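> fold the following and give me the result.
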Amino acid sequence: MEIFDVGIVANDGLAKHARARTFEDLLVWQKARFLAKRTYEITRIGAFLHDFGLASQTQRAAVSVMANIAEGFDRRGAGEFAHFLSYAKGSCSELRSNLFVSLDCGYISQGEFAEIHGLADELSRMIQSLMTAVKKSQRQK
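Predicted structure coming up:
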């Protein structure tokens, strides 16, 4: 497995630029994990309890983000990592889209929408940046 030079969070909680040896080292994966946690928290209460389909799809989209980052990292190389990052970015978009339905149906508040949508949007930009860096590293070899 290649070791990618990316942003990670150190034990002291501070973000830094370093070599990630595992997907758990990746700041982008750590943020995806937090996004999945918050998504589960909001989809397990209130009106969401009565719409199993949307709750389940929203949860699966959030989990898919972190799962694709992890799976891509542990694949054979930069090309596959970039490919899986693309899937993760798509899952972020799916999650953001589901949040609009959730808001429109009154399942979440405007504040919850803003929080989770903002997290997903930030994560999508981070994934894009990582994807660009991974593709660039692949071209330089």
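> make it CA atoms for all contacts and neighbour counts henceforth
OK.
> so which residues of this protein form strands?
Remark: strands assigned in the chain by DSSP state E are 4-9, 15-20.
> least confident of those, on average?
For those, mean pLDDT drops lowest on strand 4-9, to a mean of 50.
> could you pull out the helices for the chain?
For the chain, the helices defined by DSSP state H occupy 27-43, 52-73, 78-104, 110-139.
> is it possible to get CSV of these that adds mean pLDDT and mean neighbour count?
Below are the helices of the chain laid out as CSV (pLDDT from 0 to 100; neighbours: other Cα atoms under 10 Å):
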stretch, mean pLDDT, mean neighbour count
helix 27-43, 97, 20
helix 52-73, 97, 21
helix 78-104, 97, 20
helix 110-139, 93, 17
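> quick one: which of those helices is nearest residue 19?
The closest of these to residue 19 is helix 27-43. By Cα to Cα, the value is 11.4 Å.
> what does the closest one contact?
With contact meaning Cα atoms under 8 Å, 6 or more residues apart in numbering, helix 27-43 is reached by 7-9, 15, 23-24, 48-49, 55, 58-59, 62-63, 65-66, 69-70, 108, 112, 116, 119-120, 123, 126-127.
> from residue 67, how far off is the nearest residue to residue 55 once chain neighbours are set aside?
Nearest residue to residue 55, sequence neighbours excluded (Cα to Cα, 6 or more residues apart in numbering): residue 43, at 5.5 Å. Per Cα to Cα, to the nearest Å, residue 43 is found 19 Å from residue 67.
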